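Peer 1: Have a look; sequence and predicted model below, questions after that.
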Amino acid sequence: MTETTATRPARSLFAPHAGPRREVQALRAIAVSAVVLYHLWPHALPGGYTGVDIFFVISGFLITAHLVREADRTGRINLPEFWARRARRLLPASLLVLVASGVATVLVAPQSVWLQYFREIGASALYFLNWLLAGDSVDYLAAENSASPVQHYWSLSAEEQFYLVWPLLVVLAYFIGAKFAKGKSHRVLAITLGAVTAASLAYSIVLTIVDPSPAYFITPTRAWEFGLGGLLALLPAQLAAGGRLRHLSPREANAPGVIAAIVSWLGVAALLTTIFVFTTQTPFPGYAALLPALGTAAVIWAGTPSARFAPTAFFSFRPVQWIGDISYSLYLWHWPLIVLVPFAIGRDLEWFEMFYLLAVSILLGWLTKILVEDTTRTAKFFTARKARYTLGLTAIAMTVIIVGTSVGSNLLSEKFTGAIEETEDIVAAQPSCLGAAAFEVGAPDPCINKLLTGRILPDIAAGERDGVIPPGMTCRTPLRGTNIHACEFGVSAEAATLEVAVIGDSHAEHWVPAIDSLADKRGWHVVSYLKGGCPFSSVMRADAASRGKNSCVTWNKKIMKLLVENPVDLVITSQSSGHAFVKESGETDIEAAARGLVKTWTAVEQKTGARVVAIRDNPDMTYLSSECLAGLGADFVERASECSDPQSEVLLDDAQVVAGEEMDVPVIDLTRYFCRDDRCFSVIGSVIVYRDRSHIGGTYSRSLAPYIGAELETVLSEIG
């Protein structure tokens, strides 16, 4: 349905405005300044991310006002024309920045990030990036992705989804009002918007508590902010005699000047509070988002008060209005520059260099506003034609971007697959000094295989795809899931000389290739029970809520039950270190984590008879190996040792060591195969050690098999 008729009130609900409202432009300036400065200097404006909430409320207010004004004036809402106007206003600049970001990615970014960047550029072109990022946020490994140059498009995606759905909601409300509510369409609309807003706010509050990662991105948790703006747009209408809505003049609609000034200042104070007081630790959006949303609503409601002490002078200040005017394009350009410029210059920007980047962002924003936004919005080529021309050209432009990123992604995938296969062939030949063998214990210096000189395996662009689990095998329980996803390795259970279970989080998972290699050679049957972010313990990490309420506890109980019902001879476990745990009074995080391990390991040995062995956690590096290596230039192979960190900084205290000493459980310490002379390295024996900052790649894990096997000899002799 593209049109709707309505009982038209005697007078228009909204008076037209001669140009942008000054307080709205000022709010846009505050919002974009908060976001941009937060991205440049996050410690200075720790809550600057709330600028997007200001934009959401503004959008809800303006779009609702526009739609209702059109319905009152014409008795219908022309949906194709509405969407065409939105496309002319927003998409040319948006698609331009996407194309520029894609080209710049190819020119300056390392190939290791191309797949992720292309994937997010494509999602941004279709305006569902917020849902993609929400999905990645609950993928334990994808959550460690570096920020792409278009990551900020998540908020634009939410807005575009609003522009698509909101007009349909207004049309529905008018239709119901005209057919079933005696023409009281505005009242039906207010009730409808109120219900949607209340439901969305309630959902946002609940989901932010139980599952905060996706809650930040998805549209249902943000819809109430648009709804609040929409409800605000209905306030100028008041019921007159007989229940009809009448338009209030600007003087009538505004509260007395003093009251409006006070409300306006309260709104500004609320916004400044969120920008300077909120941090990344503030549960958000949820109830915390009420403060910036209500602050924005207060400023819009107050308008531009005439009282002497009102913030009207600030709102009207020409630089403020100008920043508000270019806010959209400035928002689009600033983040790609922040992400891509360091790749171009081969290092991170110094704090003072951020001022140059800010100036360039403002310049690009201004040029895009006058050359792209204004030009396409008013071009007769579009405005003189039916909406389908604009929508058709928009679809073509979006398709070109999507096809381009898809083709690039497919070519890269083929290249990376070839690099991994080549690595597997080299490893199968068992060359000396490969991987961990280069740090053979007792050797004064790392051994070097001349046949591997000039090589790094796998290709640095493919290093992040050097998986520890074969493709197609689903061996890890999802973050919010509780069902067991078990995988089997080695020989069959019937032919096995030893039954082994590998249990734990993703830092237990990355030892699987090494244990699989041992299983094939020694006739073991191995089964893995893995869940990202969940240690095999009775004490959970403090951030367990991000993996679903009680999901880790439930998963642990199911694992224990499985071990009782299907006993094994040996349980190998490991877990990520450096996290906060649910503590009892007076405990440290290490003590709490060790307490949980002791309880669980004791239960395993007493209830199942299995022997428990832990593997000490590996170093947690401060950078992505692929990005560091790519940043070294053409001679990155010779300079690979520069990608290293001090052992004292990246080898974190491990509760497994404490628990092992307390109950005499062996803890295998492989630190000497990651670090030497107080440095921990990203490349050892021509092999990239890490897929990301802390997860070991499959190739390096397999190279550790002989040394894990040697450490297990004593335990295996006890088992017999």
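Peer 2: On my side now, so go ahead.
Peer 1: got the residue ranges for the helices in the stretch 501-650 of the chain?
Peer 2: With DSSP state H, counting those that start in this stretch as the definition, the stretch 501-650 of the chain shows helices at residue ranges 506-509, 512-522, 551-565, 589-608, 625-630, 647-650.
Peer 1: which helices and strands sit right next to the fifth one?
Peer 2: To tie it back to what came earlier, the one meant is helix 625-630. Here helix 625-630 touches strand 687-688, going by 3 or more Cβ pairs under 8 Å, 6 or more residues apart in numbering; DSSP states H and E. Bear in mind the C-beta positions are built from the backbone N, C-alpha and C, glycine included.
Peer 1: what mean pLDDT would you report for the strand it packs on?
Peer 2: Average pLDDT, strand 687-688: 93.
Peer 1: Which element is encountered next along the chain beyond it?
Peer 2: Going down the chain from strand 687-688, the next helix or strand is helix 698-703, by DSSP states H and E.
Peer 1: Residue 24: what secondary structure?
Peer 2: helix (DSSP: H, G, I helix; E, B strand; the rest coil).
Peer 1: about what we covered before: can I get the helices of the stretch 501-650 of the chain in JSON lines including mean neighbour count and distance to residue 203?
Peer 2: Shown next, in JSON lines, are those (neighbours: other Cβ atoms under 10 Å; distance: least, Cβ to Cβ, whole Å):
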{"stretch": "helix 506-509", "mean neighbour count": "24", "distance to residue 203": "29"}
{"stretch": "helix 512-522", "mean neighbour count": "21", "distance to residue 203": "38"}
{"stretch": "helix 551-565", "mean neighbour count": "18", "distance to residue 203": "20"}
{"stretch": "helix 589-608", "mean neighbour count": "20", "distance to residue 203": "32"}
{"stretch": "helix 625-630", "mean neighbour count": "23", "distance to residue 203": "37"}
{"stretch": "helix 647-650", "mean neighbour count": "15", "distance to residue 203": "40"}
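Peer 1: State the pLDDT value of the residue lying closest to residue 593 once chain neighbours are set aside.
Peer 2: Leaving aside its chain neighbours, residue 593 sits nearest to residue 655 (3.4 Å; criterion: Cβ to Cβ, 6 or more residues apart in numbering). On the pLDDT scale, residue 655 is placed at 96.
Peer 1: and if you look at residue 72?
Peer 2: Looking at residue 72, its pLDDT is 83.
Peer 1: and the one helix or strand it maps to, what does it pack onto?
Peer 2: Applying DSSP H and E as the criterion places residue 72 in helix 51-74. In this structure, helix 51-74 makes packing contacts with helix 22-40, helix 79-108, helix 153-180, helix 185-210, helix 223-233, helix 257-277, helix 290-302, judged by 3+ Cβ pairs under 8 Å, 6+ apart.
Peer 1: again, only this time at 7 Å
Peer 2: If contacts are counted by 3 or more Cβ pairs under 7 Å, 6 or more residues apart in numbering; DSSP states H and E, helix 51-74 sits against helix 22-40, helix 153-180, helix 223-233, helix 290-302.
Peer 1: Any buried residues in it, and which?
Peer 2: Buried residues in helix 51-74, defined by neighbour count with 16 or more other Cβ atoms under 10 Å: 51-72.
Peer 1: I'd like to know how far the spatially most central residue of the chain sits from residue 411.
Peer 2: Computing the C-alpha centroid of the chain and ranking residues by Cα atoms, centre = their mean puts residue 133 first, at 4.6 Å. According to Cβ to Cβ, to the nearest Å, residue 133 stands 24 Å off from residue 411.
Peer 1: per-residue confidence averaged over the longest helix along the chain?
Peer 2: The single longest helix within the chain, with elements called by DSSP state H, is helix 387-428. In this model, helix 387-428 has an average pLDDT of 87.
Peer 1: what angle do it and helix 512-522 make?
Peer 2: Orientation check (axes from the mean of the first three to the mean of the last three Cα atoms, to 10 degrees): helix 387-428 against helix 512-522 gives 40 degrees.
Peer 1: Okay, now the sheet partners of the following helix or strand past helix 387-428, with direction.
Peer 2: Next helix or strand after helix 387-428 toward the C-terminus (DSSP H and E): strand 476-477. Partners of strand 476-477 in the sheet, by DSSP bridges, are strand 524-531 (parallel).
Peer 1: From the chain's centroid, how far away is the helix or strand containing residue 363?
Peer 2: Residue 363 is located in helix 353-368, with elements delineated by DSSP H and E. Distance of helix 353-368 from the chain centroid (Cα atoms, centre = their mean, to the nearest Å) equals 25 Å.
Peer 1: Show me what that helix is packed up against.
Peer 2: Counting contacts by 3+ Cβ pairs under 7 Å, 6+ apart, helix 353-368 packs against helix 22-40, helix 327-345.
Peer 1: Turn those into CSV, including mean pLDDT.
Peer 2: As requested, the helices and strands packed on helix 353-368 are exported to CSV (pLDDT from 0 to 100):
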stretch, mean pLDDT
helix 22-40, 96
helix 327-345, 95
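Peer 1: which of the ones you listed sits most buried?
Peer 2: Counting by mean count of other Cβ atoms under 10 Å, helix 22-40 has the highest mean neighbour count of the helices and strands packed on helix 353-368, with a mean of 23.
Peer 1: what's that helix in contact with?
Peer 2: Residues outside helix 22-40 that contact it (Cβ atoms under 7 Å, 6 or more residues apart in numbering): 44-45, 48-52, 54-55, 58, 271, 275, 296, 299-300, 303-304, 314-316, 320-321, 323-325, 327, 330-331, 334-335, 338, 354, 357-358, 361.
Peer 1: okay, the angle between that helix and helix 290-302?
Peer 2: Counting by the same axes, to 10 degrees, helix 22-40 lies at 150 degrees to helix 290-302.
Peer 1: the inter-axis angle of helix 22-40 versus helix 353-368?
Peer 2: Put simply, helix 22-40 runs at 140 degrees to helix 353-368, going by the same axes, to 10 degrees.
Peer 1: the inter-axis angle of helix 22-40 versus helix 257-277?
Peer 2: Using the same axes, to 10 degrees: helix 22-40 against helix 257-277 is 10 degrees.
Peer 1: Out of the helices of the stretch 501-650 of the chain, flag the one nearest residue 89.
Peer 2: Across those, the minimum distance to residue 89, taken as Cβ to Cβ, is reached by helix 625-630, at 36.3 Å.
Peer 1: can you tell me which residues contact the nearest residue to residue 67 once chain neighbours are set aside?
Peer 2: Excluding the flanking residues, the one nearest residue 67 by Cβ to Cβ, 6+ apart is residue 170, at 4.7 Å. Residue 170 makes contact with 67, 68, 77, 189, according to Cβ under 7 Å, 6+ apart.
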